[in-house]
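Colleague: How does the following fold in three dimensions:
(one chain, ligands or ions: 2)
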Amino acid sequence: MTSTETDSTSPSKPCLPIVENFSRRAAVKAGFATLGAGAFVAAISPLRQAAKNTSAAEFMQTHYTELSPEQKADVIARLEAETKEKYGADVTIGDDRPIPGTKFVYAINLSVCNGNGKCVEACHKENNHDRDTNQSYIRVIEMPKGTMDMEQGSTTYTGVVPKDDKFYLPVQCQQCDEPPCVDVCPVKATWKEEDGIVVVDYNWCIGCRYCEAACPYHARRFNWKKPEVPAAEVNPDQSYLSNRIRPVGVVEKCTYCLHRTRRGKLPACLEACPTGARVFGNILDKDSNIRWILENKRVYILKEELGTKPAFFYYFD
Ligand code: SF4
Ligand code: SF4
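Modeller: Ligands and ions are numbered 1, 2, ... in the order given. Next up is the predicted model:
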């Protein structure tokens, strides 16, 4: 079985300069004064198509962290109605917040992973990814033995796995403690939450793609087109910051399935793994399996030299 190629390769480069103290609200105000809503969105987005799909209510929505409970309820009701209208699916969108005293960490046993790609498929379905492009937040890289340099591997491998001279390195968002993707966002549409998960407000993102370029793990995806998911395949258990169907023209990413993990469940990729290679949990829980692994195994992080401090570890038996 093969891994699914999930890179969103780009026909264009990020188009916004980073401006100190730039706020989307200020830009909206200025943009409205001169252009009007539709023209302004078209001017700042790499995808003019995004303007066509931006309702006035969505465009005037404030940042997630500034929404009152009543405003959040209105936004979520609107998004649920839009999903019904555009996709024909009845969905429930939650507003799942971090659980106090939780810091989520992931680890993968590379001695066990055999490159079957079931995690890639599970992410695709769980997170309502576009069916056409076979999108997923996970890439499984077929690696030559003897290196942890992910740039030396292949995400387009074919044939029977595992191959004797290879090992398999699943890579998704590392939920970095020093995330360069967050630092470069000119409108603060992406941030790190208390439980360590890096999120995006998909209604605040302007699609400049700076974060995608800044991520050393190729963990972010840009929606070049409206995601297509048949009604019967839409996962109805959704969350605002997680697996609700993201609009065209924004950057999206893995959230450790926060719509599941903040409700006490495991990530979909872990549940789908047939080899038991994946371990997930709360590092602050002294009795957790993940804590035991970090204390007892020789663990690796990817691209340590960059100082991103991933909350994602790899180890061999
Ligand atoms: S892996 Fe990439 S997207 Fe995830 S937190 Fe780190 S820099 Fe950001
Ligand atoms: S989240 Fe990424 S694409 Fe969206 S505005 Fe911020 S840097 Fe740009």
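Colleague: ok, and the closest non-adjacent residue to R78?
Modeller: Once flanking residues are discounted, R78 sits nearest to A57: 6.1 Å by CB to CB, 6 or more residues apart in numbering. C-beta: built from backbone N, CA, C; applies to glycine.
Colleague: measure whichever residue of the stretch 201-317 of the chain sits closest to ligand 1 to ligand 2 for me?
Modeller: Residue nearest to ligand 1 within the stretch 201-317 of the chain: C215 (3.1 Å; CB to the nearest ligand atom). Per CB to the nearest ligand atom, to the nearest Å, C215 is found 9 Å from ligand 2.
Colleague: That residue - how many residues pack around it?
Modeller: Neighbourhood size, C215 [other CB atoms under 10 Å]: 21.
Colleague: which helices and strands sit right next to the host helix or strand of L79?
Modeller: L79 is part of helix 69-87, with elements assigned from DSSP states H and E. Using 3 or more CB pairs under 8 Å, 6 or more residues apart in numbering; DSSP states H and E, the elements in contact with helix 69-87 are strand 92-94.
Colleague: buried sites along the strand it packs on?
Modeller: Buried residues in strand 92-94, counted by 16 or more other CB atoms under 10 Å: I93, G94.
Colleague: contact partners of that strand?
Modeller: I76, L79, E80, T83, P236, D237, Q238, S239, Y240, R244, H259, R263 (CB atoms under 8 Å, 6 or more residues apart in numbering).
Colleague: Among those residues, name the buried ones.
Modeller: Listed as buried from these are I76, L79, E80, T83, Q238, S239, Y240, R244, H259; burial here means 16+ other CB under 10 Å.
Colleague: surely the first one meets Y240?
Modeller: Think I76. Yes - counting by CB atoms under 8 Å, I76 touches Y240, with 6.3 Å between them.
Colleague: where exactly do the helices run in the stretch 51-200 of the chain?
Modeller: 56-60, 69-87, 118-126, 180-184 (DSSP state H, counting those that start in this stretch).
Colleague: contact partners of the last one?
Modeller: If I follow you right, that is helix 180-184. Residues contacting helix 180-184 (CB under 8 Å, 6+ apart): 18, 190-192, 198, 210-216, 220, 253, 306, 308.
Colleague: So which of those sits lowest on pLDDT?
Modeller: The weakest per-residue confidence within those falls on I18 (32).
Colleague: Spell out which parts of the stretch 1-150 of the chain neighbour ligand 1.
Modeller: Residues of the stretch 1-150 of the chain lying close to ligand 1 (CB under 6 Å from any ligand atom): none.
Colleague: any idea how far the most centrally placed residue in the chain lies from K309?
Modeller: Taking CA atoms, centre = their mean as the criterion, K253 is the residue nearest the geometric centre of the chain, at 1.3 Å. Using CB to CB, to the nearest Å, we find K253 at a distance of 17 Å from K309.
Colleague: returning to what we had before: which single one of the buried ones among the contacts of strand 92-94 is nearest to Q152?
Modeller: Minimum distance to Q152 across these is 34.3 Å, recorded for H259 (CB to CB).
Colleague: Please name the residues that touch the closest one.
Modeller: With CB under 8 Å, 6+ apart, H259 has these contacts: G94, D96, D237, Q238, S239, S242, N243.
Colleague: Dump those to a markdown table, plus secondary structure, pLDDT and distance to ligand 2.
Modeller: Putting the contacts of H259 into a markdown table (DSSP: H, G, I helix; E, B strand; the rest coil; pLDDT from 0 to 100; distance: CB to the nearest ligand atom, whole Å) gives the following:
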| residue | secondary structure | pLDDT | distance to ligand 2 |
| --- | --- | --- | --- |
| G94 | strand | 98 | 21 |
| D96 | coil | 98 | 19 |
| D237 | strand | 98 | 24 |
| Q238 | strand | 98 | 19 |
| S239 | strand | 98 | 17 |
| S242 | coil | 98 | 15 |
| N243 | coil | 98 | 17 |
